[in-house]
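A.B. asks: Sequence plus the predicted model coming up.
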Amino acid sequence: MAKNKDETRKDRRLIGVVIPVGALRAEDSIGVGEFPDLVSFGNLCSKMGVGLIQLLPVNDTGYQDSPYFALTAFALHPLYLKIGALSEAEAFSGKLKALAEKYNQRNRFPCLELLRAKIALLREIFDANKSEINTKAKSGNSLGKWIEENPWVKPYAVYRRIKEANEERSWKEWNPQIRMNAAEIEASWKDAAYKDEHLFWVWIQEALDTQFKNAAAELAKIDILLEGDLPILMNEDSCDVWAHPEIFHQDLSAGAPPDMYSPDGQNWGFPIFNWDAQEKNGYAWWKARLKTAEKYYSAYRIDHVLGFFRIWASRREDVSSSSGLGRYVPYVPVLTKDLEKLGFDKDRIRWVSVPHIPTGEVWDAVKEAMPAADPADVAVAVENIFSQALDRIGNEELWLFKKKIKGSKDIESLFINPAGKAYLEKAWINRLFLEYEKGLFFPTWFYRDSRAYKSLSEKEAEALDALVEKHFEASEEIWEKEGTKLLSLICSASSMLPCAEDLGAVPPCVPRTLTSLKILGLRVVRWHREWDEEGQPYVPFGNYPELSVCTPSVHDSSTLREWWDRETDQDVFTKFIGSPSLPKVYNPGTAKIFLGKIAGAASRFRVFQIQDLLHLSRKWYADDPASERVNVPGTLNDFNWTWRLPALPEEIAKDADLINAVKELGETKPAKAVVKKKGGDGAKAV
């Protein structure tokens, strides 16, 4: 059977561009990119020979500026609605013009301020057209049919109504806290007292859906593949977790184990999925999510695909500094009987799984922080720590945490000496095993640094290491089975092309599974290196797998320009690409060489942040390369996620040098693979 046009585009080698919708510009937009603006940007891409546009997530995040903190996996962000295109907005041209004049000339958009202004204007428009909108919402009419086709909008509207009434606080902080089952949500939806408020949010969503679908259709007409971004996890404060608590484990918080970039690990605050519950209802939530995304996209990026295999989870009682005390879910646990076979009795099992705190260490921590204090004051501070947090083991100079201490959050809330508190937070992690359920143990991330491990004999340590390794090997079999099952389901539930974000330390089963399912992985040039080899050389572009997306930078990193000017080892990278005389400061010539080499990667898609492409022309250089970033991870400010194109797409399209330079990237042939010669360090292209 012949492939349709969309399927053919997915199989082609393409040059792509990444851009947040908010970064788009148009003469009729209000200070931020809006869905219809994708059409003019698509025309620019078509002129440049760019065949793929990848967007960051576009779901409603409320008044959170990060697109990865969605209030739902279904509703679109009101920020991206082109209000002037609404038929009901005809009488509001003056107010639209005033908002445009206020915000359109800014280099970065004030996300929350602008959102509030747009929502306020939308309320005015809705109130002025309420009768007409109510008529459309009746069964059989246009809006009524849309509601029937999008059942997720009912719980979303109820959730937004209650959230607005509670000043946008998390649903766990609503006063009173309101939890509803499906029947109660339906009853609230039908409550006449709330009809207009519910309809307001529905009206916005229908308009967003229409505008986004129309823009996506226009891109398809000019042969551009539109790729979305579907974060695997959901925000704890979301309609989905509120309305469907049964498909999430809310007592656990997803994150990442410690690494060279985050020595304490990461705790993102997102609940993890209850896959058993999802399986019982046929994975209805995921299937509905993919069906919704398929209305707009031909491809999608799965953020943190590793989470389909295993997820690093911390208990809600622990804060981010205790992520090292997390565990993998799923995992083949070490059992009490496994430890008993190693000769561990009840007391020794407690020794390896519960923090034991020597009296002297508490005194030392406080005395070191109070070197000039009166000894009596030091004694009071120490005794306060013991009385509030610790219980002594008989007459020993060893202490255990009180039973009321359930996690590091409890330690953080104690009114004790700050140095003592810092010591206790570290002591809380100091254990060999985490007993996460009665009789079920997981080796802590730093278990070899624990007091308990260091007390073992050499023979005991070897036996325990072998036990841990055995359980990790058994767990990897489960991870592969789990990942294969879930990703197979995801792939079969949609015609969209899946692309995976598979960065970080991934077990070998991940690339095997992605390859077997023909899911494209991600290769970020600056991080795609032979980390286990001497000198950690970059992987040759010809050795990139065809089933991959190659990119020089991502939304959480610096642009290629800033990376070259301020971060990388220029000599090493220059040698790698074979251009020894590059300038120390990035310029269009440097960009042409770098992007040309990257475009020659064997990957099916070579995707660039639009900033990296704009650097092919001096005309679009910002004074400070750091100002061109989309996001700086680990920071909270008004800068992140607010970058905008430096000019209208129509103006950028007039830059002939830029257009021609980008076109050349699309004509670049894939580099030849490099194979190391056997018996030596040399290599040859094949």
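C.D. replies: That came through, no problem.
A.B. asks: For Arg526, see how far away Leu517 is.
C.D. replies: 27 Å (Cβ to Cβ, to the nearest Å). Glycine gets a C-beta too; all of them are placed from N, C-alpha and C.
A.B. asks: what about Arg529, neighbour count?
C.D. replies: Other residues near Arg529 come to 15 when the count uses other Cβ atoms under 10 Å.
A.B. asks: The protein - how does it break down into domains?
C.D. replies: According to automatic domain parsing, the chain comprises the domains 5-243, 355-430.
A.B. asks: Relative to the whole chain's centre, how far out is the first one?
C.D. replies: Shown here is domain 5-243, whose average C-alpha point lies 19 Å from the average C-alpha point of the whole chain (Cα atoms, centre = their mean, to the nearest Å).
A.B. asks: how about low-confidence regions in the stretch 501-650 of the chain?
C.D. replies: Within the stretch 501-650 of the chain, no stretch falls below the threshold (pLDDT under 70).
A.B. asks: The closest residue to His244 other than its chain neighbours: what secondary structure?
C.D. replies: Among residues not flanking His244 along the chain, Trp285 sits closest, at 6.3 Å (Cβ to Cβ, 6 or more residues apart in numbering). Here Trp285 takes the helix state, with states given by DSSP: H, G, I helix; E, B strand; the rest coil.
A.B. asks: where's Trp285 relative to Gly269, distance?
C.D. replies: On the measure of Cβ to Cβ, Trp285 and Gly269 end up 20 Å apart.
A.B. asks: With Asp569 instead?
C.D. replies: Taken as Cβ to Cβ, the span from Asp569 to Gly269 is 35 Å.
A.B. asks: who's more crowded, those two?
C.D. replies: Gly269 (16 against 9).
A.B. asks: how about the more buried one, secondary structure?
C.D. replies: strand.
A.B. asks: for Val607, same thing?
C.D. replies: What three-state DSSP gives for Val607 is strand.
A.B. asks: I figured it was touching Ile19, is that so?
C.D. replies: No. Applying Cβ atoms under 8 Å, one finds Val607 not in contact with Ile19, separated by 10.6 Å.
A.B. asks: Of those two, which one has the most company?
C.D. replies: Using other Cβ under 10 Å as the criterion, Val607 and Ile19 rank with Val607 on top: 26 against 22.
A.B. asks: And the helices in the stretch 451-600 of the chain?
C.D. replies: 451-454, 458-492, 509-516, 560-562, 570-577, 588-599 (DSSP state H, counting those that start in this stretch).
A.B. asks: Nearest to Leu325, out of those?
C.D. replies: Closest approach to Leu325 among the helices of the stretch 451-600 of the chain is made by helix 451-454 (14.0 Å; Cβ to Cβ).
A.B. asks: I'd like to know which elements that closest one is packed against.
C.D. replies: helix 346-353 (3 or more Cβ pairs under 8 Å, 6 or more residues apart in numbering; DSSP states H and E).
A.B. asks: Tell me which residues of the helix it packs on come out buried.
C.D. replies: The neighbour-count check on helix 346-353 (16 or more other Cβ atoms under 10 Å) flags Arg348, Ile349, Trp351, Val352, Ser353 as buried.
A.B. asks: The third one and Phe273, how far apart?
C.D. replies: With distances defined as Cβ to Cβ, the gap from Trp351 to Phe273 amounts to 35 Å.
A.B. asks: repeat for Arg161
C.D. replies: Arg161 sits 27 Å away from Phe273, going by Cβ to Cβ.
A.B. asks: Comparing those two, which residue is more hemmed in?
C.D. replies: Shown here are Arg161 and Phe273; by other Cβ under 10 Å, Phe273 has more neighbours (23 against 19).
A.B. asks: what sits opposite the closest residue to Tyr297 other than its chain neighbours in the beta ladder?
C.D. replies: With sequence-adjacent residues excluded and distances taken as Cβ to Cβ, 6+ apart, Tyr297 is closest to Gly228, at 4.0 Å. Using DSSP bridges, the bridge partners assigned to Gly228 are Tyr300.
A.B. asks: just checking, Gly228 touches Glu294?
C.D. replies: No. Contact criterion Cβ under 8 Å: Gly228 and Glu294 do not qualify, at 9.4 Å.
A.B. asks: neighbour-wise, which of those two wins?
C.D. replies: Under the criterion of other Cβ under 10 Å, the comparison of Gly228 against Glu294 puts Gly228 first, with 21 against 15.
A.B. asks: what about Glu246, how many neighbours?
C.D. replies: Around Glu246 there are 11 other residues, counting by other Cβ under 10 Å.
A.B. asks: Can you give me the separation between the closest residue to it other than its chain neighbours and Phe270?
C.D. replies: Nearest residue to Glu246 in three dimensions, chain neighbours excluded: Ala277, at 5.2 Å (Cβ to Cβ, 6+ apart). Applying Cβ to Cβ, the value for Ala277 to Phe270 is 17 Å.
A.B. asks: who has more neighbours, those two?
C.D. replies: Phe270 (25 against 16).
A.B. asks: hang on, isn't the more buried one packed against Leu252?
C.D. replies: No. Contact criterion Cβ under 8 Å: Phe270 and Leu252 do not qualify, at 9.5 Å.
A.B. asks: Okay, now the unreliable bits of the stretch 201-350 of the chain?
C.D. replies: Using pLDDT under 70, the stretch 201-350 of the chain drops low at 320-322.
A.B. asks: what are the ranges of the strands in it?
C.D. replies: 225-231, 248-256, 266-273, 299-303, 311-315, 327-329, 334-335 (DSSP state E, counting those that start in this stretch).
A.B. asks: Counting by contacts, list what the second one packs against.
C.D. replies: With contacts defined as 3+ Cβ pairs under 8 Å, 6+ apart, the packing partners of strand 248-256 are strand 266-273, strand 311-315.
A.B. asks: For that strand, list every residue counted as buried.
C.D. replies: For strand 248-256, a neighbour-count test (16+ other Cβ under 10 Å) marks Phe248, His249, Leu252, Ser253, Ala254, Gly255, Ala256 as buried.
A.B. asks: can you redo the residues you listed as a markdown table with distance to Arg310?
C.D. replies: Below are the buried residues of strand 248-256 laid out as a markdown table (distance: Cβ to Cβ, whole Å):
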| residue | distance to Arg310 |
| --- | --- |
| Phe248 | 17 |
| His249 | 14 |
| Leu252 | 13 |
| Ser253 | 15 |
| Ala254 | 11 |
| Gly255 | 12 |
| Ala256 | 11 |
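A.B. asks: Any idea how many residues pack against the nearest residue to Ala288 once chain neighbours are set aside?
C.D. replies: Leaving aside its sequence neighbours, Ala288 sits nearest to Trp152 (Cβ to Cβ, 6+ apart; 6.7 Å). Counted with other Cβ under 10 Å, the neighbours of Trp152 add up to 19.
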